[in-house]
Every structure is written in C-alpha cells, then in structure tokens.
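> Provided below are the primary sequence and the corresponding predicted coordinates.
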Amino acid sequence: MIINGKFINLSRISLIIVVLILLIGNVFFWLKYSATQKELLKTTQALETQKVNENLLDFAKLFITEILKAEGEIDFETRLKFENAVRDLANEEILAQWQKFTGSETEDEVQTEVKNLLELLISKIQIK
C-alpha cells in the first residue's frame, strides 16, 4: 500500500492495531480488577463487623441468661467462662467495664456497673 508516496506495510498496521487492542484490554481489565479489589475490601470489612457484632451479642445473651437470671451465687466455672469470653472480645473498654463490675462490692455498685456494661456492649454493636 502506498500513501503520500510512501510504502506502508499492512503487517505493520496490523501489528499497531493489535498492540492498541491489547493496551485497551489491559486498561479495561485493570479497571475491573481495581473495582473488584474495592468490593472485596468492603465485603471483608462487613464480615469482620458482623463477627464482632455476633461475639458481642453472644456475650450479652450469655451474661443475661447466666448472671442476671441466676438464682444465688455464681460458681467458679461460670466466672472463668465469663473471664475468657470477655477477653475473647478483644476490647479493652469492655474488659475494663467487666473488671469494674466484678470488683463491685455493694448492691448499688453492682447494679450501676451491670447497667454500664450492658450499655457499653450495645453501643459497640455496629449497624451499617
């Protein structure tokens, strides 16, 4: 093929077209990859939030059934189970409030700290 007096090889034009198509394809797939990575990050964060919420709710349910509804003294095994459960939450604020509750000496103090603990547990649940 001759254009403006110069010979242009068709295979060279074909090669340029193929390279352009490949570049466009790379850009397209990179954009799709980026979008998928963002979606994966959101999903991972949502899953972590859900796990934290489930742990908090499980602890709150356990607290209500085994401590608030308990008849009489709480045995050593139950106390140990709660110590482990509160540490498994991996939240320093909840742990500190738990220690205030367990360190309470008067009935009024216990009631106040129970209310504070339950309020804190509920406030830590994340709704999105």
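Cool, got the structure. The structure presented is a predicted model; accordingly, all values stated were derived computationally and were not measured.
> CA atoms for contacts and neighbours, from now on please.
OK.
> tell me the average confidence for the helix or strand hosting Lys61?
Assigned by DSSP states H and E, Lys61 falls within helix 10-63. Across helix 10-63, the average pLDDT comes to 93.
> cool, stretch 109-128 as well?
For stretch 109-128, the mean pLDDT works out to 89.
> And that stretch, what's buried?
Residues of stretch 109-128 classed as buried: Val110, Glu113, Val114, Asn116, Leu117, Leu118, Leu121, Ile125 (neighbour count, 16 or more other C-alpha atoms under 10 Å).
> And stretch 75-87, by the same measure?
By neighbour count on 16+ other C-alpha under 10 Å, the buried set for stretch 75-87 is Phe82, Ala85, Val86.
> Tell me the spacing between the last one and Ile64.
As judged by C-alpha to C-alpha, to the nearest Å, Val86 and Ile64 stand 14 Å apart.
> Ok, the first one next?
For Phe82, the distance to Ile64 equals 12 Å [C-alpha to C-alpha].
> for Gly72, what are its contacts?
Listed by C-alpha atoms under 8 Å, 6 or more residues apart in numbering, the contact set of Gly72 is empty.
> do you know how far the most centrally placed residue in the chain is from Ile125?
Geometric centre of the chain, nearest residue: Glu48, 2.2 Å, by C-alpha atoms, centre = their mean. Separation of Glu48 from Ile125 (C-alpha to C-alpha) stands at 12 Å.
> Ok, Ala46 next?
Relative to Ile125, Ala46 is positioned 13 Å away (C-alpha to C-alpha).
> Same check on Lys115?
Between Lys115 and Ile125 the distance is 16 Å, computed by C-alpha to C-alpha.
> Same check on Lys38?
Lys38 is 24 Å from Ile125, where distance means C-alpha to C-alpha.
> quick one, what contacts Gln126?
Going by C-alpha under 8 Å, 6+ apart, Gln126 touches Thr49, Asn53.
> Could you verify that it is part of a strand?
No - read with DSSP: H, G, I helix; E, B strand; the rest coil, Gln126 is coil and lies in no strand.
> For it, what are phi and psi?
phi -100, psi 130 (degrees, to the nearest 10).
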